[in-house]
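1. what would the 3D arrangement of this be:
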Amino acid sequence: MTRLCRFALSAVLLVLLGACGSGRDEEAAPANADVVRPVKTFVVEAGGASSQRQFPGRIEAARRADLSFRVPGTVKEILVKEGDTVAEGTVLARLDATDFRIVLSDRQASYDNARRNHERARELLPSGNISRIDYDRTEASFKSAQAALRQAQQDLAYTELRAPFAGTVAKRLVQRFEEVAAKEPVISLAQLNSLDVKIDLAETLVRSFTVPEQGAIEHASEHAPAWASFEGVPERRFPLKIKEVATKADAKTQTFEITFTMANPADVVVLPGMTATVTVDFRDVVRASGNIWIPASAVLGDAALAPVVWVIDPGTMTVARRAVRVGEMQGERIQVLDGLAGSEEIVAVGASHMAEGMRVTRMARGEQAVPRAGEPN
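-> Predicted coordinates:
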């Protein structure tokens, strides 16, 4: 039994040693081979489509107002429904005017009495039958009563809410028989034949404008064509015209608000509160170095965590590391501010497996990443 156990142990050791030797040979073989790695590539382009930037836009009515009564009271009638189109001066709602009519009657009576007293005093003044002081008192009472009457008349007129401009009733904010305070919003009125489209412009983009900081945004808005597109009709472009430009950044987001205006299309439903995709072509106002956008996967960090890309030599199909300076990111793209001039072919996918001088091959064209139409390359 002892001799048999020693024989079995020897056989197991021989098998293990053979397996280890075989593994070392298999690992050593690739290290000595000339590795050629397939990669997805990307051709860097400066200008052209990369000058187009897309922003989320907010739709607002070009002209809107939350209308309110100028006097408090009980809502007696609401004469319009949401969505109704009204002309300027149309009565939209009324308050119960009973109390206001009573006040008007009282002010009318006081006015009539003060007017008669003042007329009699004026007749007596030339003959000296009334003193100048008494005459002045009757005149002051008359003018005070006159002002009070006008106020009562105006308050009665204020019980009717009229449209200050032609538009569409966007929202009814109260119901009949509700008590409302003066200046409490009752009806929201909007003019929908023209719409505002608002976007926020990042300060990093403002810094890349080719004009001085003074007036930079105004210059960009005048020389950068823009259009809007909407979900459901992505193939349609709706031209935008600049309306307002904020020259002070928002304190929280550090962005500048740009307001465009557009005609409300007759064949597409576009309403305030909806969203749009706004495309702006900054080709004529942004420095060329800021026009380069590449896949974010192409950028890696070196030993010092500085950004680098791998550039392919088309003659030898070998790669070389190149340092770049990057800007902001948008989705899966990153902006290159310095280090690339355009026309370079870089490794887009597989950059983490590269080494200096490594040979590569391009993947089949069908496997390459192709930018979408209208998006920066």
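
2. show me this protein divided up by domain.
-> 36-47+289-367, 52-62+195-287, 97-158 (automatic domain parsing).

3. average model confidence for the first one?
-> Which is domain 36-47+289-367. Averaged across domain 36-47+289-367, pLDDT comes to 86.

4. same question, stretch 244-253
-> pLDDT averaged over stretch 244-253 gives 87.

5. in it, which residues are buried?
-> 245, 249 (16 or more other C-beta atoms under 10 Å). For every residue, glycine as well, the C-beta is placed using N, CA and C.

6. and what of stretch 270-285?
-> For stretch 270-285, a neighbour-count test (16+ other C-beta under 10 Å) marks 270, 272, 276-283, 285 as buried.

7. please apply the same query to stretch 121-128.
-> Neighbour-count burial for stretch 121-128 flags residue 121 (criterion: 16+ other C-beta under 10 Å).

8. if we can go back for a sec, tell me the two of the buried residues of stretch 270-285 that are most distant?
-> 272 and 283 (31.0 Å; C-beta to C-beta).

9. circling back: including pLDDT and secondary structure, could the buried residues of stretch 270-285 go into a markdown table?
-> Shown next, in a markdown table, are the buried residues of stretch 270-285 (pLDDT from 0 to 100; DSSP: H, G, I helix; E, B strand; the rest coil):
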| residue | pLDDT | secondary structure |
| --- | --- | --- |
| 270 | 91 | coil |
| 272 | 90 | coil |
| 276 | 94 | strand |
| 277 | 93 | strand |
| 278 | 93 | strand |
| 279 | 91 | strand |
| 280 | 87 | strand |
| 281 | 83 | strand |
| 282 | 76 | coil |
| 283 | 73 | coil |
| 285 | 68 | coil |
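
10. name the nearest of these relative to residue 113.
-> residue 272 (53.1 Å).

11. show me what contacts the residue minimising distance to the centre of the chain?
-> Closest to where the C-alpha atoms of the chain average out (C-alpha atoms, centre = their mean) is residue 199, at 3.2 Å. Residue 199 sits next to 55-58, 257-258, 260, 278, 280 when contact means C-beta atoms under 8 Å, 6 or more residues apart in numbering.

12. who does it form a beta bridge with?
-> Note on residue 199: beta-bridge partners by DSSP bridges are residue 258.

13. and the gap between it and residue 106?
-> 56 Å (C-beta to C-beta, to the nearest Å).

14. just residue 54 next, same as before
-> For residue 54 relative to residue 106 (C-beta to C-beta), the value is 65 Å.

15. more crowded one of the two?
-> With neighbours defined as other C-beta atoms under 10 Å, residue 54 and residue 106 compare such that residue 54 has more, 16 against 13.

16. pretty sure that one sits against residue 277.
-> Yes. Taking C-beta atoms under 8 Å as the definition, residue 54 is a contact partner of residue 277 at 5.7 Å.

17. list the contacts for the spatially closest residue to residue 198 that is not a sequence neighbour?
-> Nearest residue to residue 198, sequence neighbours excluded (C-beta to C-beta, 6 or more residues apart in numbering): residue 58, at 4.7 Å. By C-beta under 8 Å, 6+ apart, residue 58 lies in contact with 197-199, 275-276.

18. thinking again about what came up before, out of the buried residues of stretch 270-285, which comes closest to residue 134?
-> residue 272 (62.4 Å).

19. quick check: which ranges of the stretch 151-300 of the chain have low pLDDT?
-> 204, 207-222, 285-291 (pLDDT under 70).

20. if we go to 90?
-> 192-193, 201-226, 231-236, 242-255, 258, 266-269, 271, 280-293 (pLDDT under 90).

21. mind listing the strands for it?
-> 160-162, 167-172, 179-180, 185-202, 226-230, 233-239, 241-245, 255-263, 275-281, 292-295, 300-301 (DSSP state E, counting those that start in this stretch).

22. reformat those as TSV; add distance to residue 80.
-> Output for the strands of the stretch 151-300 of the chain, formatted as TSV (distance: least, C-beta to C-beta, whole Å):
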stretch	distance to residue 80
strand 160-162	10
strand 167-172	5
strand 179-180	16
strand 185-202	7
strand 226-230	28
strand 233-239	29
strand 241-245	28
strand 255-263	25
strand 275-281	27
strand 292-295	50
strand 300-301	62
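
23. deepest of those strands, which one?
-> Stretch with highest mean neighbour count among those: strand 292-295 (a mean of 24; mean count of other C-beta atoms under 10 Å).

24. which strands and helices sit next to that one?
-> Helices and strands touching strand 292-295, by 3 or more C-beta pairs under 8 Å, 6 or more residues apart in numbering; DSSP states H and E, are strand 333-338, strand 345-349.

25. put the alpha carbons of that strand into PDB.
-> What follows is strand 292-295 as a C-alpha-only set of coordinates in PDB (Å, rounded to 0.1, in the frame of the first residue of the first chain):
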ATOM      1  CA  ILE A 292     -14.200  70.500 -32.300                       C
ATOM      2  CA  TRP A 293     -16.400  67.900 -30.700                       C
ATOM      3  CA  ILE A 294     -15.300  64.300 -30.400                       C
ATOM      4  CA  PRO A 295     -16.700  61.200 -28.600                       C
END
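
26. so for residue 332, which of the strands of the stretch 151-300 of the chain sits nearest?
-> Using C-beta to C-beta, these put strand 292-295 closest to residue 332, at 6.2 Å.

27. the closest one pairs with which strands, and in what direction?
-> Assessed with DSSP bridges, strand 292-295 is paired to strand 333-338 (antiparallel).

28. and the angle for the partner strand with strand 345-349?
-> 150 degrees (axes from the mean of the first three to the mean of the last three C-alpha atoms, to 10 degrees).

29. buried residues in strand 333-338, which are they?
-> So, applying 16+ other C-beta under 10 Å, buried residues of strand 333-338: 333-337.
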